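Colleague: structure for the following, please:
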Amino acid sequence: MRLKLNKNIAVIAIVLLGFSCNKEVKTENYKEESIQKTDEISDETTKETVHATIDLWHKAAAEANFEAYFNLMTPNAVFIGTDATENWGANEFKAYAKPHFDKGKAWSFTSIERNIFVSEDKQTVWFDELLNTQMKICRGSGVLTKEGSQWKIAHYVLSIAIPNPKVKDVVALKNESDSLLVKQLVINKLNVK
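Modeller: Residues are numbered from 1 along each chain as shown. Below is the predicted model:
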């Protein structure tokens, strides 16, 4: 009986040892497969991740979550707003945005259409989107770059969409202020040279 019990224990030990070795092999294979899958991420997977990133960025603004909003941007990001003078580097944009976020209400943009394009090396994407905003329909476009495993917004341009039949009216509204700004920008450009 004791010999039979020892044989059973020996068989169980061999089976467990064999299972343990097979498990390690499977784990190694899984790691290799994971590495290959990471290297071979599809454009569709990239686009899904980028969609989610941009949506989270807009959500952070709507919820006035300053840290989350700016953590989704690169340290050297550029934000171009709807006003001709709004061309901000990251720090300037933070300074502009902070008082709005501190009030508990920044801005609320909801994407109603978005197109995403992926670079061949899958390290850069560019996109355009139509947005439902407090300014009615706007267009956003931008560039995201991959930092480690996370996508971050490096450049964003926001513009108010103007229906073609209304352009003439809008130009008339902008005429005086745009003329003054053009003069100032020309003077600035001449002074730089």
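
Colleague: going forward, measure contacts and count neighbours with C-alpha atoms only.
Modeller: Will do.

Colleague: what segments of this structure are helices?
Modeller: Assigned by DSSP state H, the helices in the chain fall at 2-39, 43-62, 66-71, 90-102, 167-192.

Colleague: which stretch in those has the least confidence?
Modeller: Lowest mean pLDDT within these: helix 2-39, a mean of 40.

Colleague: who are the contact partners of residue 140?
Modeller: Counting by Cα atoms under 8 Å, 6 or more residues apart in numbering, residue 140 makes contact with 128-131, 156-159.

Colleague: format those as TSV; extra columns: pLDDT.
Modeller: Below are the contacts of residue 140 laid out as TSV (pLDDT from 0 to 100):
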residue	pLDDT
128	98
129	98
130	98
131	98
156	98
157	98
158	98
159	98
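
Colleague: what is the nearest of the residues you listed to residue 168?
Modeller: residue 159 (17.0 Å; Cα to Cα).

Colleague: my guess is that closest one meets residue 81, correct?
Modeller: Yes: counting by Cα atoms under 8 Å, residue 81 is a contact partner of residue 159 at 6.7 Å.

Colleague: quick one on the thing from earlier: got the contacts of residue 140 as JSON lines, with distance to residue 146 columns?
Modeller: Below are those laid out as JSON lines (distance: Cα to Cα, whole Å):
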{"residue": "128", "distance to residue 146": "18"}
{"residue": "129", "distance to residue 146": "20"}
{"residue": "130", "distance to residue 146": "23"}
{"residue": "131", "distance to residue 146": "24"}
{"residue": "156", "distance to residue 146": "15"}
{"residue": "157", "distance to residue 146": "19"}
{"residue": "158", "distance to residue 146": "21"}
{"residue": "159", "distance to residue 146": "25"}
